[in-house]
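Peer 1: Sequence and predicted structure, then a few things I'm wondering about:
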Amino acid sequence: MIEGANVIPCTGTHVKRTGEVRKIVVKKVEELSRGFKLIYEVE
């Protein structure tokens, strides 16, 4: 565990290799008190 890191379980689909990812689309960016929250979609 990394100290200070946000520990939220991932419920997404995982790829075996980065070559399987074709495009990453940023859907929304929210500014938080201690950083940013990025909502994205992987195609």
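Peer 2: In hand now; what should we look at? Numbers count the residues shown, from 1 in each chain.
Peer 1: Show me the beta-bridge partners of E30.
Peer 2: K37 (DSSP bridges).
Peer 1: what residues are up against it?
Peer 2: 36-37, 39 (C-beta atoms under 8 Å, 6 or more residues apart in numbering). (Glycine included, C-beta is placed from N, CA and C.)
Peer 1: Remind me what the least confident helix or strand in the chain by mean pLDDT packs against, helices and strands.
Peer 2: None of the helices or strands of the chain scores lower by mean pLDDT, DSSP states H and E than strand 35-42, at a mean of 87. If contacts are counted by 3 or more C-beta pairs under 8 Å, 6 or more residues apart in numbering; DSSP states H and E, strand 35-42 sits against strand 24-32.
Peer 1: burial count for L32?
Peer 2: 8 (other C-beta atoms under 10 Å).
Peer 1: Over to the one 5 residues further on?
Peer 2: Close neighbours of K37, defined as other C-beta under 10 Å, add up to 10.
Peer 1: same deal with the one 5 residues further on?
Peer 2: A count of neighbours around V42, defined by other C-beta under 10 Å, yields 12.
Peer 1: wait, it sits on V26?
Peer 2: No: the pair V42 / V26 is not scored as a contact, 10.9 Å apart, by C-beta atoms under 8 Å.
Peer 1: And L38, how far from T18?
Peer 2: Taking C-beta to C-beta, to the nearest Å as the measure, L38 falls 18 Å from T18.
Peer 1: Looking at those two, which one has more neighbours?
Peer 2: More crowded of L38 and T18, by other C-beta under 10 Å: L38, with 11 against 6.
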